[in-house]
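Peer 1: take this sequence and fold it.
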Amino acid sequence: MDNSVSHFILLGFFSSWEIQMVYFVVFSVTYMLTLMGNTAIVCAVLWDRHLHTPMYILLGNFSFLEICYVTTTVPNMLANFLSETKTITFIGCFVQFYFFFSFGCDEAFYLCIMAFDRYLAICHPLHYPAIMTTYLCTGLVAFGWLSGFIFFIIPVALISQLSFCGSNIIDHFICDPVPLMALSCSKSHATKIIYSTFNIIFMVGTFIFILISYTLVIFSVLRIPSAAGKRKAFSTCASHLTVVILFFGSIMTMYVRPVSEKPLELQKLVTLFYSVITPLLNPLIYSLRNKDMKAALRKVLVIKRTSHKT
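Peer 2: The predicted model follows:
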């Protein structure tokens, strides 16, 4: 690897200084709300014993994962809104790249695990306690955290070994692999093929797993004789399905379709949606239709108010 590039310039959303300040305020508020919403869910799961079940344990870990996910990119993006140089070091760029996409992979694997949990609970309710044991739940939680970091080692290692000896300007707000590979002055056909193959296997594989799980769930729910039973079964899945559609819809738009078909600004907006907006919406989606979660969140707010008064 022969590199003359020691840093990259992240152009972000090119606009006037005044508009940059508006962006800074909007995304600062968005980031704080995301942290508050997901932290509230984590605290609710930790503090309310009624939520110490596999479904809510997985949700608590997923919410904490969202906090980690947005923190890999948003603080740097906010700093760049205030910066004139908008630079990031070579190592910093690849560290951001690795953690952002590893956490993104973890999210997809967690959505698979949560779909599997709902499949067991609805399709095999009598056997659910015997199957979803504490041991299995702990193993699934560990798998959800570690899988993305293991899965993305090869693509990051391959792209980091490319030579960068020309332009160092990335027309994006994060160190995305597609513009990174476009900047390389070495032949990267094999790396592009391997990276695209990893993306397709990961995204299509996880999506098919979730699709099969919920197909079986729907068939099982339709066999429930009472309308009230059907509504209750569907209500436990509605929030998760909404998050699945938001997450996979945006990343498949970004990484499955050919990049040449998407203008740069559209690529940025799609990335912004799944990296910033979706983590903000998830706490609302999971809490609005869930009575147990709403009750637990009210307890969290009461505890906070009490601690402030004392």
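
Peer 1: going forward, measure contacts between C-alpha atoms and count neighbours the same way
Peer 2: OK.

Peer 1: any low-confidence regions in this structure?
Peer 2: Applying pLDDT under 70 to the chain flags the ranges 1-4, 254-263, 288-289, 300-310.

Peer 1: okay, helices next: where are they in it?
Peer 2: 17-47, 54-71, 74-82, 90-123, 128-131, 134-151, 153-160, 177-183, 189-222, 227-255, 264-272, 278-288, 291-309 (DSSP state H).

Peer 1: of all those, which lies closest to residue 6?
Peer 2: The minimum distance between residue 6 and the helices of the chain falls on helix 90-123, with 5.3 Å, by C-alpha to C-alpha.

Peer 1: which other helices and strands does the closest one contact?
Peer 2: Packing partners of helix 90-123 (3 or more C-alpha pairs under 8 Å, 6 or more residues apart in numbering; DSSP states H and E): strand 7-10, helix 54-71, helix 134-151, helix 153-160, helix 189-222, helix 227-255.

Peer 1: list the helices and strands the longest one packs on?
Peer 2: Counting contacts by 3+ C-alpha pairs under 8 Å, 6+ apart, helix 189-222 packs against helix 90-123, helix 153-160, helix 227-255.

Peer 1: got it, and the last one?
Peer 2: Contact analysis of helix 227-255 by 3+ C-alpha pairs under 8 Å, 6+ apart lists helix 90-123, helix 189-222, helix 264-272, helix 278-288 as its packing neighbours.

Peer 1: which of the helices and strands packed on helix 189-222 sits closest to residue 73?
Peer 2: That would be helix 90-123 among these, by C-alpha to C-alpha, at 7.1 Å.

Peer 1: buried residues of the closest one, list them for me.
Peer 2: 90, 93-94, 96-123 (16 or more other C-alpha atoms under 10 Å).

Peer 1: what of stretch 5-21?
Peer 2: 8, 9, 10, 11, 12, 13, 20.

Peer 1: contacts for that stretch?
Peer 2: 77, 80-82, 85-90, 93, 164-166, 168-175 (C-alpha atoms under 8 Å, 6 or more residues apart in numbering).

Peer 1: swap the cut-off to 6 Å and go again
Peer 2: The list of residues contacting stretch 5-21 from outside it, by C-alpha atoms under 6 Å, 6 or more residues apart in numbering, reads 81, 86-90, 164-165, 168-173.

Peer 1: ok, which pair from the residues you listed is furthest apart?
Peer 2: Top of the distance list for these (C-alpha to C-alpha): 81 and 165, 26.5 Å.
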